[in-house]
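1. generate a structure from the sequence data that follows.
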Amino acid sequence: MQLAERTFIVTGGGSGLGAATARMLIDAGTRVTLVDHDADSVETQARALGESALAVTADVTREADGERAIAATRERFGAIHGLINCAGIAPAEKIHGKRGVHGLDSFRRVVDINLIGTFNLLRLAVAAMQDNPTEDDDFERGVVINTASVAAFEGQIGQAAYAASKAGVVGLTLPAARELAASGIRVMAIAPGIFDTAMMQDMPAEVRDGLNAKVPFPKRMGHAEEYAALVRQILENRYLNGEVIRLDGGIRMSAT
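-> I've put the predicted structure just below:
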């Protein structure tokens, strides 16, 4: 996909991976709608990116909010060519630990945001992409990139809900790509390892150092800009489809 003059929606655009992805897209000459539940953060990010950025405060798990984000994007920019789903949460809770049994509501909330929210925006965005004219002889109309996690493959103790939700994103990738191929829409997923985002920055220094030591190379957390760089490669490399790409410095997570 040629990025210039195209329009993208980025969920979780108020911070972290989503904010870095939105900046990369704007720098590439695109128009971007940033979707986030945090009104202050998403509006601040959009203002910093200028006239080619639109902020939409929304809960990705709600059908009406997703429809509103799609409608606002089409009204402002006219079309939707890509969706990058970065919205997500990563709480830790044991199935049975010192605090008792794992809460059913907390498990459901993680799955709702990480998996249902991803699918909600995917289904609405691809419906809008059907109206796009195709690009050259490959007949491409759009691209969807979802965010999984290495926890989908190597979930740690305390990550039952998170790992299950991200495994769902992995499982969604191939059947979605197969179905949407007839419409000229590619579907990919990125499975990040340990990234230096807000949820990691709140950890004690000794915990962060221990996590860094587990990464084979380079021995550090990933940068949000490295995630954004992979998003760009996926968008521009049309032969990438139906795959989950690990972005993790070679780490394989231990049980704890």
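2. now do the contacts for the closest residue to residue 181 other than its chain neighbours.
-> In space, and not counting its chain neighbours, residue 181 is closest to residue 241: 7.4 Å by C-beta to C-beta, 6 or more residues apart in numbering. For the C-beta atoms, the positions are set from N, CA and C on the backbone; glycine is no exception. By C-beta atoms under 8 Å, 6 or more residues apart in numbering, the residues touching residue 241 are 177, 181, 186-188.
3. just the pLDDT at residue 241, thanks.
-> Listed pLDDT for residue 241 reads 98.
4. got it, and residue 147?
-> Reported pLDDT at residue 147 in the predicted model: 98.
5. same deal with the one 10 residues further on?
-> Reading off the per-residue confidence, residue 157 sits at a pLDDT of 95.
6. ok, which pair from the contacts of residue 241 is furthest apart?
-> 181 and 188 (12.5 Å; C-beta to C-beta).
7. who's more crowded, the two?
-> The residue with more neighbours, out of residue 181 and residue 188, is residue 188; 23 against 13, by other C-beta atoms under 10 Å.
8. that one is in contact with residue 142, isn't it?
-> No: applying C-beta atoms under 8 Å, one finds residue 188 not in contact with residue 142, separated by 11.8 Å.
9. all helices of the protein, in order?
-> 16-27, 39-49, 63-77, 104-111, 117-129, 151-154, 160-180, 198-201, 205-213, 224-236 (DSSP state H).
10. pLDDT of the last one, averaged?
-> Confidence for helix 224-236, expressed as mean pLDDT, is 98.
11. same thing with the third one?
-> Model confidence over helix 63-77, given as mean pLDDT, is 98.
12. list the contacts of that helix.
-> 7, 9, 31, 33, 35, 54, 56, 58-60, 80, 120-121, 124-125, 127-128.
13. and it, how far out from the chain's middle?
-> Taking C-alpha atoms, centre = their mean, to the nearest Å, the mean C-alpha location of helix 63-77 is offset from the chain mean by 18 Å.
14. likewise for the second one?
-> Taking the mean C-alpha point of helix 39-49 and that of its whole chain, the gap between them comes to 18 Å (C-alpha atoms, centre = their mean).
15. got it, and the last one?
-> Helix 224-236 has its average C-alpha position 11 Å from the chain's average C-alpha position, going by C-alpha atoms, centre = their mean.
16. helices or strands next to that helix in the packing?
-> Packing partners of helix 224-236 (3 or more C-beta pairs under 8 Å, 6 or more residues apart in numbering; DSSP states H and E): helix 16-27, strand 142-147, strand 185-192, strand 244-247.
17. still on that earlier bit, what subset of the contacts of helix 63-77 is buried?
-> Listed as buried from the contacts of helix 63-77 are 7, 9, 31, 33, 35, 54, 56, 58-60, 80, 120-121, 124-125, 128; burial here means 16 or more other C-beta atoms under 10 Å.
18. hey, which helix or strand in the protein has the poorest pLDDT?
-> helix 198-201 (a mean of 78; mean pLDDT, DSSP states H and E).
19. can you list contacts of that one?
-> Counting by C-beta under 8 Å, 6+ apart, 15-16, 90, 194, 208, 211, 221 sit against helix 198-201.
20. residue 30 and residue 8: what is the separation?
-> The gap separating residue 30 from residue 8 is 6 Å, by C-beta to C-beta, to the nearest Å.
21. of those two, who's got more company?
-> The residue with more neighbours, out of residue 30 and residue 8, is residue 8; 30 against 23, by other C-beta under 10 Å.
22. which residues touch residue 250?
-> 215-217.
23. same deal with residue 111?
-> 161, 164-165, 168 are the contacts of residue 111 under C-beta under 8 Å, 6+ apart.
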